[in-house]
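Student: just a sequence and a predicted model for now, questions to come.
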Amino acid sequence: MSVETPLPSAKDVRELVEGLVGRDVNVATGGAMVDPALGALTGVYVDRRLALVALVILDVPLAAHIGASLGLVPARTAAEAAELGELTPALSENAGEVLNVMASLFNAEDAPHVRLDRVYQPGDPLPADVA
């Protein structure tokens with residue numbers, strides 16, 4: 001993270017996701033880190049100079065369930081995707097939209113504007129600066 005780009009609180013993340021999916025969401029902090037190189041949906045955020053300033057990494061089960069919730073896809077479909085470790089195109093697109101909206105969490109007053117630059121699918125090779 002850039003010194004100038006604020007890290008959103010767990011409460012802010014929870015409220016944003018709840019607003020998007022229309023359901024209560026539990027957020028726990030302090031869990032194990034997710035390695036994007038091992039398979040995760042990875043959102044890359046840049047500033048106006050196209051410098052990497054933030055990453056949001058969703059493990060496959062979270063990406064599958066959040067994508068299903070947003071698209072009103074049956075929970076069974078999300079559970080199957082999570083078990084297989086692969087996202088369907090619809091689940092991936094929906095989870096990518098959530099990553100796009102998450103850019104707003106980094107755009108605090110007096111901080112540089114941040115936007116989603118790219119989403120890497122689980123299993124996609126990652127550039128060195130992202131990995």
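Tutor: Good, I have the coordinates.
Student: contacts, neighbours, all on C-alpha from now
Tutor: Will do.
Student: low-confidence ranges, this structure, go.
Tutor: 1-3 (pLDDT under 70).
Student: which residues in it form strands?
Tutor: Counting by DSSP state E, one finds strands in the chain at the ranges 40-46, 52-59, 115-120.
Student: buried stuff in the last one?
Tutor: In terms of neighbour count (16 or more other Cα atoms under 10 Å), strand 115-120 has its buried residues at 115-116, 119-120.
Student: between those residues, which sits nearest residue 104?
Tutor: Relative to residue 104, the closest of the buried residues of strand 115-120 is residue 115; by Cα to Cα it sits at 8.0 Å.
Student: ok, the closest one touching residue 103?
Tutor: Yes - if you go by Cα atoms under 8 Å, residue 115 and residue 103 touch, sitting 5.4 Å apart.
Student: quick check: bridge partners of the spatially closest residue to residue 119 that is not a sequence neighbour?
Tutor: Distance criterion Cα to Cα, 6 or more residues apart in numbering; nearest residue to residue 119, sequence neighbours excluded, is residue 43 at 4.6 Å. Per DSSP bridges, the residues bridged to residue 43 are residue 56, residue 119.
Student: thought residue 43 was touching residue 122?
Tutor: No - using Cα under 8 Å, residue 43 is not in contact with residue 122, being 11.0 Å away.
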